[in-house]
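Peer 1: okay, structure incoming, though there's no sequence with it:
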């Protein structure tokens with residue numbers, strides 16, 4: 001066994017110096033985390049432009065997003081081991097620079113293959129930027145200020161996924177798609193420089209094996225990679241009707257089972273799953289899964305509703321979502337002061353109920369709903385998520401020893417990311433299924449024998465005739481209009497059901513709070 005404790009560029013920092021620089025460190029690691037989260041979703045609105053410029057099909061260009069997320073998820077549970085092996089400051093700074101360099105090459109890519117390759121590299125660099133950031137903040141902020149640190153960090157985590165499509169739409173509309181990558185370069189260099197100058201090595205001794213658990217690493221890549229790919233591509237491939245998805249599900253299942261079995265038996269595992277014996281962390285990881293499901297599913301569903309049914313642009317959609325993001329940020333800033341004074345379980349419960357109330361209001365939207373109808377539901381959603389994130393993050397790692405924080409935050413963030421992938425996959429599937437069911441239910445009420453339908457078709461046919469053409473052409477146009485209206489109403493019912501399902505699913509996670517031994521930070525993590 002060996003230890004790693006590299007000095008900072010200007011020599012070892014005293015605890016007083018670290019304390020004075022804590023907000024600079026918080027800004028640096030939060031900036032890096034925001035860049036990583038924005039890039040998870042920023043490319044989605046630029047996909048049509050990429051297809052045209054690179055001569056790729058939709059299925060091919062989807063790998064630009066899938067490759068990044070798969071690489072990102074694979075690296076997440078490895079961050080603790082990599083930090084211990086290379087030194088936390090070295091690893092985190094190197095990850096930022098790798099992410100930044102890959103961003104430049106993504107924008108410069110002249111082929112789809114090159115773009116996908118550099119997106120994978122970008123995902124490898126970005127995988128460290130979330131969980132390692134949390135471990136850094138827990139280490140440099142004293143116990144009584146950790147809620148403030150998580151509030152600063154949480155603003156970026158909550159705003160990042162929301163900001164991605166909005167920023168991507170604005171850049172693509174006003175410049176060109178490579179600039180969604182080039183924008184990372186100056187910001188990434190700034191974050192990297194600030195990290196290198198200010199982030200210290202852990203005050204506690206971090207141990208690592210001189211050998212590498214290659215089998216564990218291979219099984220992790222196989223299992224997590226296959227799982228993430230099938231979640232990303234399942235809906236477009238019609239799930240288990242596709243041979244590809246069947247193969248990926250078998251690989252994921254076998255790979256993950258063997259990975260867990262091997263890691264629990266290994267003396268020097270690459271991911272120490274034994275840490276999940278801590279019931280506080282285990283409950284937090286499962287709750288984090290549900291948080292990711294609710295956050296990413298709602299972030300995914302609302303823009304689809306606004307753009308497909310209401311005809312909003314990406315920029316208009318962003319303006320609708322922005323008040324909720326601001327509400328979440330302000331709530332987290334408040335939680336930074338209030339969270340240490342209250343039992344986290346009460347704050348989380350309040351947050352989940354506010355989220356449920358928001359989804360209930362979402363479930364009463366119509367095809368005529370506009371920006372004003374969504375203002376307060378989005379505020380409620382933002383406030384609810386703000387009440388959840390800061391207390392949940394703190395209480396999940398409350399019983400961990402300082403040298404376990406990196407492992408704990410890595411698993412917590414992995415669960416939230418996987419929850420988000422499940423949420424997006426389930427939401428996309430439910431929207432398709434619910435739309436088909438609603439269409440079938442509405443069809444009997446719109447038969448040509450119904451007097452109301454017949455009268456409506458006659459009026460539309462007469463309007464089409466007035467525009468020119470034969471009676472047969474006018475009737476066909478009227479029928480097409482009816483089909484469009486039918487699809488819109490069926491889709492609206494589907495969105496209503498999906499929003500309600502999100503809220504109910506999150507409420508069902510509340511019994512997990514009874515598993516928490518305590519609602520406040522205590523034990524090993526407090527020894528700081």
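Peer 2: Received it, and whenever you're ready, just let me know what you need. Values in this document were obtained by computation on a predicted structure and should not be read as measured data. Numbering: from 1, shown residues only.
Peer 1: output the below-cut-off pLDDT ranges for the stretch 101-250 of the chain.
Peer 2: Judged against pLDDT under 70, the low-scoring parts of the stretch 101-250 of the chain cover residues 161-162, 203-212.
Peer 1: can you give me the strands for it?
Peer 2: Secondary structure of the stretch 101-250 of the chain (DSSP state E, counting those that start in this stretch): strands at 207-208.
Peer 1: and the helices in it, which stretches?
Peer 2: Assigned by DSSP state H, counting those that start in this stretch, the helices in the stretch 101-250 of the chain fall at 112-126, 128-140, 146-174, 179-182, 184-198, 214-233, 243-265.
Peer 1: hmm, who's touching the shortest one?
Peer 2: Right, helix 179-182. Residues lying outside helix 179-182 but in contact with it, judged by Cβ atoms under 8 Å, 6 or more residues apart in numbering, are 39, 42, 43, 46, 103, 104, 106, 107, 167, 168, 171, 172. From N, CA and C alone the C-beta is placed, and that goes for glycine too.
Peer 1: coming back round to it: with respect to residue 513, which of the helices of the stretch 101-250 of the chain lies nearest?
Peer 2: Closest to residue 513 of those is helix 146-174 (Cβ to Cβ; 17.9 Å).
Peer 1: report the angle between that closest one and helix 128-140.
Peer 2: Computed by axes from the mean of the first three to the mean of the last three Cα atoms, to 10 degrees, the angle separating helix 146-174 from helix 128-140 equals 150 degrees.
Peer 1: of all the contacts of helix 179-182, which comes closest to residue 96?
Peer 2: Looking across the contacts of helix 179-182 and measuring by Cβ to Cβ, the closest to residue 96 is residue 103, at 10.6 Å.
Peer 1: that closest one contacts residue 187, correct?
Peer 2: No - no contact is recorded between residue 103 and residue 187 when judged using Cβ atoms under 8 Å, the distance being 9.5 Å.
Peer 1: pipe the helices of the stretch 101-250 of the chain into JSON lines and attach distance to residue 271 and mean neighbour count per row.
Peer 2: Written out in JSON lines, the entries for the helices of the stretch 101-250 of the chain read as follows (distance: least, Cβ to Cβ, whole Å; neighbours: other Cβ atoms under 10 Å):
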{"stretch": "helix 112-126", "distance to residue 271": "16", "mean neighbour count": "22"}
{"stretch": "helix 128-140", "distance to residue 271": "12", "mean neighbour count": "27"}
{"stretch": "helix 146-174", "distance to residue 271": "22", "mean neighbour count": "23"}
{"stretch": "helix 179-182", "distance to residue 271": "30", "mean neighbour count": "21"}
{"stretch": "helix 184-198", "distance to residue 271": "24", "mean neighbour count": "19"}
{"stretch": "helix 214-233", "distance to residue 271": "7", "mean neighbour count": "19"}
{"stretch": "helix 243-265", "distance to residue 271": "6", "mean neighbour count": "15"}
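Peer 1: worst mean pLDDT across the helices and strands of this structure, which element?
Peer 2: Ranked by mean pLDDT, DSSP states H and E, the weakest helix or strand in the chain is strand 2-3, scoring a mean of 40.
Peer 1: ok, and the closest non-adjacent residue to residue 390?
Peer 2: By the measure of Cβ to Cβ, 6 or more residues apart in numbering, the closest residue to residue 390 outside its immediate chain neighbours is residue 335, 4.0 Å from it.
Peer 1: who's in contact with that neighbour?
Peer 2: Taking Cβ under 8 Å, 6+ apart as the test, what residue 335 contacts is 147, 150, 151, 154, 347, 386, 387, 389, 390, 391.
Peer 1: and residue 496, what element?
Peer 2: Here residue 496, judged by DSSP states H and E, is contained in helix 471-507.
Peer 1: that helix packs against which elements?
Peer 2: With contacts taken as 3 or more Cβ pairs under 8 Å, 6 or more residues apart in numbering; DSSP states H and E, helix 471-507 sits against helix 279-308, helix 344-362, helix 405-442, helix 451-466.
Peer 1: so which of the ones you listed gets nearest residue 218?
Peer 2: Evaluated over the helices and strands packed on helix 471-507, closeness to residue 218 peaks at helix 405-442, with 17.6 Å, by Cβ to Cβ.
Peer 1: the closest one vs helix 146-174, what angle?
Peer 2: Relative orientation of helix 405-442 with respect to helix 146-174: 50 degrees, computed using the same axes, to 10 degrees.
Peer 1: what helices and strands are in contact with helix 405-442?
Peer 2: Judged by 3+ Cβ pairs under 8 Å, 6+ apart, the packing partners of helix 405-442 are helix 63-75, helix 79-86, helix 128-140, helix 214-233, helix 279-308, helix 371-396, helix 471-507.
Peer 1: of all the ones you listed, which lies closest to residue 114?
Peer 2: When the helices and strands packed on helix 405-442 are compared (using Cβ to Cβ), the closest one is helix 63-75, at 10.7 Å.
Peer 1: where does pLDDT dip in the stretch 401-528 of the chain?
Peer 2: Residue ranges of the stretch 401-528 of the chain with pLDDT under 70: 446-451, 518-528.
Peer 1: can we see that at 50?
Peer 2: Of all residues in the stretch 401-528 of the chain, those with pLDDT under 50 make up the ranges 521-528.
Peer 1: nearest spatial neighbour of residue 151, skipping sequence neighbours?
Peer 2: In space, not counting the residues next to it along the chain, residue 151 is nearest to residue 336; the distance is 3.2 Å by Cβ to Cβ, 6+ apart.
Peer 1: go on, residue 123?
Peer 2: Distances taken as Cβ to Cβ, 6+ apart place residue 71 nearest to residue 123, at 3.0 Å, with adjacent residues excluded.
Peer 1: the one you found touches residue 118, doesn't it?
Peer 2: No - judged on Cβ under 8 Å, residue 71 makes no contact with residue 118 at a distance of 10.8 Å.
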